[in-house]
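1. Whatever this is, show me its structure:
(3 chains)
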Amino acid sequence: MTPRKRYWLMKSEPDAFSIDDLQRVGTEPWNGVRNYQARNFMRDGMHVDDGVLFYHSNTKVPGVVGIARVASTAYPDDTQFDPKSHYHDPKATREQPRWFLVDVAFERKLKRTIALEEIKRHTDELGEGFPLTARGSRLSVFPVTAAQWKLLLSLE
DNA sequence: GCCAACGTTGGC
DNA sequence: GCCAACGTTGGC
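-> Numbering: from 1, shown residues only, chains lettered A, B, ... in the order given. So this is what the prediction gives:
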């Protein structure tokens, strides 16, 4: 049985990996996530063809810049095993991987950036707990409801 | 570049 | 199991 389509938001620093990079390569393993909550969402929650809002963080105008889709089920993030990688985790083994990822595929760029500043004006509709606007939240992968998805894209 | 907020680590 | 120290995130 095919699970109902879910929606997610995934943050990336454009200096490291931008929506243009994703457009160029088409599909990319979402490596480097080293937060358990974000990992759990990828490993336990994501299904192929789920929708992804691509968000640029730590940049001049942070915001949602494109749409992607989940392109694989979760599998171990290879960078955790590589001593030369910035994402190397000495406690992870092939037998007992600690970090998982999914492949993410490009769908389209938004016509314009939906800036965080603008998104904040809709806190009431998005809900107090929405991780993008919740105070102090740094979660880089989290679920978005169908209603939140629709609202955010209506701002495009 | 600053720094508040948060998550993780490790000594005890 | 507590919690101080440290490292990271990410808006500004």
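
2. Can you list the buried residues in the helix or strand of chain A with the lowest mean pLDDT?
-> Least confident helix or strand, chain A: helix A:123-126 with a mean of 93, by mean pLDDT, DSSP states H and E. Going by neighbour count (16 or more other Cβ atoms under 10 Å), the buried part of helix A:123-126 is A:Leu126. Where C-beta positions appear, they are placed from N, C-alpha and C, glycine not excepted.

3. Dump the C-alpha coordinates for stretch A:120-127 into PDB.
-> Only the C-alpha atoms of stretch A:120-127 are listed here, as PDB (Å, rounded to 0.1, in the frame of the first residue of the first chain):
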ATOM      1  CA  LYS A 120       6.800  35.100  10.100                       C
ATOM      2  CA  ARG A 121       3.800  37.300   9.400                       C
ATOM      3  CA  HIS A 122       1.800  34.100   9.100                       C
ATOM      4  CA  THR A 123       2.700  32.600  12.500                       C
ATOM      5  CA  ASP A 124      -0.900  32.500  13.500                       C
ATOM      6  CA  GLU A 125      -2.000  30.300  10.600                       C
ATOM      7  CA  LEU A 126       1.200  28.200  10.700                       C
ATOM      8  CA  GLY A 127       0.900  27.500  14.400                       C
END
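
4. quick one: A:Gln96 and DNA strand C, what's the gap?
-> 22 Å (Cβ to the nearest atom of the strand, to the nearest Å).

5. and that residue, backbone torsions?
-> phi -130, psi 80 (degrees, to the nearest 10).

6. The closest residue to A:Leu116 other than its chain neighbours - how many residues pack around it?
-> Closest residue to A:Leu116 apart from its sequence neighbours, by Cβ to Cβ, 6 or more residues apart in numbering: A:Pro62 at 4.5 Å. A:Pro62 is flanked by 19 other residues according to other Cβ atoms under 10 Å.
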